[in-house]
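S.K.: fold the following for me, if possible:
(2 chains)
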There are 2 protein chains.
Amino acid sequence: MSAVIYPRVALIGLGLIAGSMSLAMRRAGVAQEISGYARSKETRDAAREIRLVDQVCDSAAAAVEGADLVVLAVPVGAMGGVMADIAPHLKTGAVVTDVGSVKRAVFDAILPKMPPNTHFVGTHPMAGTEHSGPLSGFAELFDNRWCLVVPPEGADDAQVEKLETFWKALGANTERMDVEHHDTVCAVVSHIPHLIAYTMVGVADDLSRVTDQEVIKYSAAGFRDFTRIAASDPTMWRDVFLSNKEATLEILGRFTEELFALQRAIRTGDGEQLFDYFTRTRAIRRGIIEAGQDTDAPDFGRAHKDP
Amino acid sequence: MSAVIYPRVALIGLGLIAGSMSLAMRRAGVAQEISGYARSKETRDAAREIRLVDQVCDSAAAAVEGADLVVLAVPVGAMGGVMADIAPHLKTGAVVTDVGSVKRAVFDAILPKMPPNTHFVGTHPMAGTEHSGPLSGFAELFDNRWCLVVPPEGADDAQVEKLETFWKALGANTERMDVEHHDTVCAVVSHIPHLIAYTMVGVADDLSRVTDQEVIKYSAAGFRDFTRIAASDPTMWRDVFLSNKEATLEILGRFTEELFALQRAIRTGDGEQLFDYFTRTRAIRRGIIEAGQDTDAPDFGRAHKDP
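M.R.: As a prediction, this is how the structure comes out:
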């Protein structure tokens, strides 16, 4: 029984996140009319066919006309271009937000283009699946997931709070974070894990002495855990790494430093160092289980299927 | 309605694997009497209390007395010592197997100590959870999981087949592999993924600018996928890396080579290289889903809990 929060909402980009937002907004009753735009005609046609939003427009400018909330749900590298297109068409008092995984680069691309008497607040819903596109959305995507809210300096606090209320109505838990800290935290919990997973899968795919079929067949022995995030959208992730370069390279430097230390321990046969390291990492896993962020059921509680 | 395969079975080591084997043997009715031994008195007492096996012995020598099948379920580094203890007590015709994750080092530790008129065949059940110890076993652990069967050169084929029948009765699917190939495949699908997961969790734990609480709170963004295998038993994994040094270091070299190439692409802003790499890795994930080795349900089909 939520009340309407933003009567008219425009979604720019109609992929997994925007599609799920539309379905979650309908579920919550927080918007009266939802318009949408995607660059590709194929995506627009697909969205029209399943009535993903109330009105699919053929330009971003048309979609934002009269909108109280504009959501930029495009890859980080496309934010600046979209913003240039829509800026002249934003109504007075409009709130613009993005759902990008990186914030400093998005701020740099968007803030200079914001017209007077409009508001920008960044958000980052930490939710996703390995699927993408207009048909992949579902209303429950944000339920009990975190949405980081990143206000730029001098943001209107009432607008920030309203946006937090909106995300909570969509099912998420919100937490405010400043822009630099956001990008560092996300490099650690998301960007570097993705890069490493991509690398591991790439290495396995590239070996001649072990076949892809063997890798797939025996993947449950550990490798499989890496493959889910290594199937994420390539465009999105290219942009994340290009636009969060500094934090990514810093954490990556730390990672290779540690990896080399373990490699040396293996080479020299230093069992004590390996044992100590492997014991320490157990504790953080316990913390994740205790915080309810994962299950310790065997095999993640996956249903077993015949191989 | 399985028939008895090995009337008397001895389990040396009473951790997750041996405990699950005992429960699965009872379920299948493939043994008449199961004896067991563990080095630590605490483990022996716990196993006695829950009647994990029919008879807990106070020495490995006593446990293997009269056994038709002896299963060495101790860390890889402990195999040689255990084998020296039991060799004089094996009955004529006894079959010895191990369940280690590495095979060349186990062969080197065990084969020279095998008495005449006994048989050794290595096995590697690719199953586990993040829990260990005598209380962690369950009869279903091996159901529909792979068990690699690694016969040494000149092994008696009838004995190899009998052991395969045994593992199938415990629920597993079996596949034969030669010892060197086994160690390379396992380095790729299991050992290196574990090392990388341990490293990633160690890095996150060690940062001062991002707190453990933040890492745990936002772990669902990718990091969490690494933590399950980074909680595996430290002793077991220390021994794996020390005893599969050659294959581990080789695959690790490939991994860092690829990681550096991606790092350079990020530094120089080479979006095309990143995009191509991330597109290629998607295919192998699809193969895993299609082979029924994982689910593509959002969030692994995990039940959502309040964070």
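
S.K.: show me where the stretch 1-150 of chain A has strands.
M.R.: Using DSSP state E, counting those that start in this stretch, the strands found in the stretch 1-150 of chain A span residues A:8-12, A:33-37, A:55-56, A:69-72, A:95-98, A:119-120, A:122-125, A:146-150.

S.K.: avg pLDDT for the helix or strand just after the last one?
M.R.: Pointing back at strand A:146-150 there. Sequence order places helix A:157-169 as the next helix or strand after strand A:146-150, per DSSP states H and E. Mean per-residue pLDDT for helix A:157-169: 98.

S.K.: is helix A:157-169 positioned near chain B?
M.R.: No: residues of helix A:157-169 are not located near chain B by Cβ under 8 Å from any Cβ of the partner chain, the shortest gap being 13.1 Å. Quick note: C-beta positions are derived from backbone N, CA and C, even for glycine.

S.K.: tell me the domain ranges of chain A?
M.R.: When chain A is parsed with automatic domain parsing, its domains come out as A:8-177, A:181-301.

S.K.: any idea which of those scores lowest on pLDDT?
M.R.: Of all the domains of chain A, mean pLDDT reaches its minimum on domain A:181-301 (a mean of 88).

S.K.: that one: how far from the chain's middle?
M.R.: On the basis of Cα atoms, centre = their mean, to the nearest Å, domain A:181-301 sits 18 Å off its chain's mean C-alpha point.

S.K.: go on, stretch A:147-156?
M.R.: For stretch A:147-156, the distance to the chain centre is 17 Å (Cα atoms, centre = their mean).

S.K.: export it as CSV, just CAs?
M.R.: What follows is stretch A:147-156, C-alpha atoms only, in CSV (Å, rounded to 0.1, in the frame of the first residue of the first chain):
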residue,chain,number,x,y,z
CYS,A,147,21.1,-0.1,-3.0
LEU,A,148,24.0,2.4,-2.4
VAL,A,149,22.9,6.0,-2.5
VAL,A,150,25.6,8.4,-3.5
PRO,A,151,24.6,12.1,-3.3
PRO,A,152,27.0,14.6,-4.9
GLU,A,153,28.3,17.4,-2.8
GLY,A,154,25.6,20.0,-1.9
ALA,A,155,22.7,17.6,-2.9
ASP,A,156,19.2,18.6,-1.6
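
S.K.: what sits up against it?
M.R.: By Cβ atoms under 8 Å, 6 or more residues apart in numbering or on different chains, the residues outside stretch A:147-156 that reach it are A:103, A:107, A:111, A:119-126, A:157, A:160, A:163-164, A:167, A:170, A:172-179, A:182, B:218.

S.K.: ok, 6 Å please
M.R.: Contact with stretch A:147-156 is made by A:103, A:107, A:111, A:119, A:121-125, A:160, A:164, A:167, A:172, A:174-177, A:179, A:182, as judged by Cβ atoms under 6 Å, 6 or more residues apart in numbering or on different chains.

S.K.: now swap in stretch A:217-232 and tell me
M.R.: Applying Cβ under 6 Å, 6+ apart, the contact partners of stretch A:217-232 are A:130, A:194, A:197-198, A:200-201, B:126, B:146, B:189-190, B:193-194, B:222, B:225, B:229, B:281-282, B:285, B:288, B:293-294.

S.K.: which ones among those lie within strands?
M.R.: If you go by DSSP state E, the contacts of stretch A:217-232 have B:Trp146 in strands.
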